[in-house]
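Colleague: turn this into a model:
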Amino acid sequence: MDFDRTKRPGCQLNIAPLIDIVFLLLIFFMLTANFIINPGLSISLPKAQSAVPQEQQELTIYINQYNELYFNDTKIDISELFGLLKNSLSPHKKVILNADEHIDFGLAVQVIDTAKRAGSNNFIIAAQKGAVQ
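Modeller: Here you go, the predicted structure:
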């Protein structure tokens, strides 16, 4: 017995449009990416065996809207701040306070007082430029 089977249309995936879309997305992301270019002169520094990498010149304290305290991107408690600042401060380092506008004012005063007691001479309170309401 010979059964007559009807041929089903083949289900094929045409990937040519998919490849076009992927290439367009690739070009889009390449053109819109922010490339960080170090400004200034291109120089070649001399080498020395006793050279030591220099520390950053800023210490940043963050207070978010939930009154959580961060020291250089590490969550801390207010009681830990004095010891961290005391160990990290040097005469040329600045302490920058980045605080949300809705924080507890008492916490901000406590942070400023702790930084001053730890020996901070360069204390900066960060703000956005704009009109005061």
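Colleague: show me where pLDDT drops low in this protein?
Modeller: 1-9, 34-56, 128-133 (pLDDT under 70).
Colleague: now the helices for this protein?
Modeller: In the chain, the segments counted as helices under DSSP state H are 16-32, 78-88, 105-118.
Colleague: which one, of these, ends up nearest to K94?
Modeller: Comparing the helices of the chain by their distance to K94 (C-beta to C-beta), the top pick is helix 105-118, with 10.4 Å. The C-beta positions use only the backbone N, C-alpha and C, and glycine is treated the same way.
Colleague: what sits up against the closest one?
Modeller: Defining contact as C-beta atoms under 8 Å, 6 or more residues apart in numbering, one finds that helix 105-118 is touched by 61, 63, 67, 69, 78, 81-82, 85-86, 89, 95, 97, 99, 123, 125.
Colleague: one more time with 10 Å, if that's ok
Modeller: Contacts with helix 105-118, where a contact means C-beta atoms under 10 Å, 6 or more residues apart in numbering, come from 59, 61, 63, 67-69, 71, 78-89, 95-97, 99-100, 103-104, 120-123, 125.
Colleague: follow-up on the earlier one: can I get the helices of the chain in JSON lines with distance to G10?
Modeller: Shown next, in JSON lines, are the helices of the chain (distance: least, C-beta to C-beta, whole Å):
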{"stretch": "helix 16-32", "distance to G10": "17"}
{"stretch": "helix 78-88", "distance to G10": "67"}
{"stretch": "helix 105-118", "distance to G10": "68"}
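Colleague: could you dump these to a markdown table with mean neighbour count?
Modeller: Conversion of the helices of the chain to a markdown table gives the following (neighbours: other C-beta atoms under 10 Å):
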| stretch | mean neighbour count |
| --- | --- |
| helix 16-32 | 9 |
| helix 78-88 | 14 |
| helix 105-118 | 15 |
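Colleague: and the residue lying closest to N122 once chain neighbours are set aside, how many neighbours?
Modeller: Spatial nearest neighbour of N122, excluding adjacent residues (C-beta to C-beta, 6 or more residues apart in numbering): K94 at 4.1 Å. Close neighbours of K94, defined as other C-beta atoms under 10 Å, add up to 15.
Colleague: would you agree K94 is in contact with L85?
Modeller: No - under the criterion of C-beta atoms under 10 Å, K94 makes no contact with L85, lying 11.9 Å away.
Colleague: okay then, goodbye and thanks.
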